[in-house]
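Enquirer: show me the folded form of this:
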Amino acid sequence: MARGSGFRGMKKLYIRTFGCQMNEYDSGKMADVLGAVEPFVRTDDPGEADVILFNTCSVREKAQERVFHDLGRVRRLKLERPDLVIGVGGCVASQEGEAIVRRAPYVDVVFGPQTLHRLPALIARRHESGKPQVDVSFPEVEKFDSLPQAKADGASAFVSIMEGCSKYCTFCVVPYTRGEEVSRPLDDVLAEVSMLAAQGVREVTLLGQNVNAWRGLLEKDAVAGDEEAGDFALLLECVHDVPGIERIRFTSSHPREMTPRLIEAFARLPKLAPQLHLPVQSGSDRVLAAMKRGYTVLEYKSIVRRLRAARPELSLSTDFIVGFPGETAEDFEKTMKLIEEIGFDGAFSFVYSARPGTPAVELDDPVPQETKLAWLMRLQKRIDEQAQAISRSMEGGVERILVEGEAKKDIDELCGRTANNRVVNFPVPASARERLAGQFVDVRITAALPHSLRGEMVAGEAS
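Expert: Just a heads-up that it's a prediction; the model follows:
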């Protein structure tokens, strides 16, 4: 390690991740870029860490305030050990920037989702200058070009294929915290997927704020000088052909980008999991228009109908915002009607929270909080009932499971996920456990529990 790098003696890293799977992916990359400078181990105890990072989310108000709450809790550690490095990354960092240092002056570095690759340099400059470092710029794909090579951690992996969002829904801060949509080139994505497959990864999940809006460069015409971009369906086809990859997922999608070619991909690509997360947000056209979602309820239902025609066993999950400014009881009943018509297999649902800088902040919001909470509980209860009914319908059937490792509650069992993304726990003889890790096996479902399934392995089906 070169002198003055700011990393001498650093041994342990603590990362607290808030928010979506994109943030989970980014946290892994933060560890990778720091690990490329000096070896360290991850720790779950901030009290023993040499570097503490909070990877933040600003989609929900409570998540944002929790970051500052946690920063307050580690302030004592900084007083006890001045050499401790405290960093704030992610969307709150991008949104607040210098304000984080003003509010919590013991924070050493602040960096956005697009500048996490600069983390080692920011820490080094903090040590050299004695001043907090803030970099929340938007350097597009530079982040991906600067990250260390992908490393597998199990049989499944996330692969980020794009950043940002250009939809500008009235409630959402993502375009302001992660920037406009920027897609990674096709060759870069395939190189990462191939590298992961060579390390034993069998399942990849492609990530993006609007993942199906991917429009990555293919190659440049040497004669005409034109650059050609491919669509998301083409990317899926190419990933489908990578040797070793046996299952493909992607999240999160936008209904406006659910093209006919992408819908057809569910019929043509057997490795594409029969599972889709397609946020709808509301079942009322009036509310959807106020949100500027860019589609109607009828258009959403048409997309679902065509998807299920292409892949009848498709499992569909979604997002809902309850109590958007001006939402009426009639609007909410339309949402409940949509839930009955579609039969969702899960949902992320939240009471609307105003985010600074978004257009919806200016809207009148006459709906009482207790009404919003009552709506949310009713919605979540119905979604849970539908999901549990789907789980019960799987009893007695045989599911192809990717074995992830030991079950959390019983070391004598293994766990894995079905094609529709349910956790299954099943007993396996001790002699076979190590051999089956990271493999696909057939498991007969014997019971549907509230948050998982139980099963028994079909003999001779390990692959």
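
Enquirer: after the one helix or strand Ala389 maps to, heading C-terminal, what element do we hit next?
Expert: Using DSSP states H and E, Ala389 falls within helix 369-393. Sequence order places strand 398-406 as the next helix or strand after helix 369-393, per DSSP H and E.

Enquirer: run through who's touching that next one.
Expert: Under the criterion Cβ atoms under 8 Å, 6 or more residues apart in numbering, residues 154-156, 202-203, 246-247, 413-419, 424, 426, 433, 436-445, 453, 455, 458 lie in contact with strand 398-406. (Glycine included, C-beta is placed from N, CA and C.)

Enquirer: next, the buried residues of it.
Expert: By neighbour count on 16 or more other Cβ atoms under 10 Å, the buried set for strand 398-406 is Glu399, Arg400, Ile401, Leu402, Val403, Glu404, Glu406.

Enquirer: list the beta-bridge partners for the third one.
Expert: Which is Ile401. Judged by DSSP bridges, the bridge partners of Ile401 are Val441.

Enquirer: tell me the phi and psi of the nearest residue to Asp345 once chain neighbours are set aside?
Expert: Among residues not flanking Asp345 along the chain, Ser315 sits closest, at 4.4 Å (Cβ to Cβ, 6 or more residues apart in numbering). The phi/psi pair for Ser315 (degrees, to the nearest 10) reads phi -100, psi 130.

Enquirer: how near is Ser315 to Pro356?
Expert: 36 Å (Cβ to Cβ, to the nearest Å).

Enquirer: now swap in Gln199 and tell me
Expert: Distance from Gln199 to Pro356, by Cβ to Cβ: 42 Å.

Enquirer: show me which of those two is the more surrounded one.
Expert: Between Gln199 and Pro356, Gln199 has the larger neighbour count (other Cβ atoms under 10 Å), namely 16 against 12.

Enquirer: identify the residues contacting the more buried one.
Expert: With contacts defined as Cβ under 8 Å, 6+ apart, Gln199 is in contact with Lys151, Ala152.

Enquirer: also Ala290?
Expert: Thr170, Phe324, Pro325, Gly326, Ala360, Leu363.

Enquirer: in which helix or strand does it reside?
Expert: Ala290 is part of helix 285-291 when elements are defined by DSSP H and E.

Enquirer: any idea how far Val424 is from the closest residue to Val423 other than its chain neighbours?
Expert: Leaving out its chain neighbours, the residue that sits closest to Val423 by Cβ to Cβ, 6+ apart is Ser452, at 4.4 Å. Per Cβ to Cβ, Ser452 is found 7 Å from Val424.

Enquirer: okay, those two: which has more neighbours?
Expert: Between Ser452 and Val424, counted using other Cβ under 10 Å, Val424 has the larger neighbour count: 28 against 17.

Enquirer: following element in sequence after the lowest-mean-pLDDT helix or strand in the chain, please.
Expert: Every helix and strand of the chain was ranked by mean pLDDT, DSSP states H and E. The lowest is helix 142-146, at a mean of 67. Where DSSP H and E defines the elements, the next helix or strand beyond helix 142-146 is strand 156-160.
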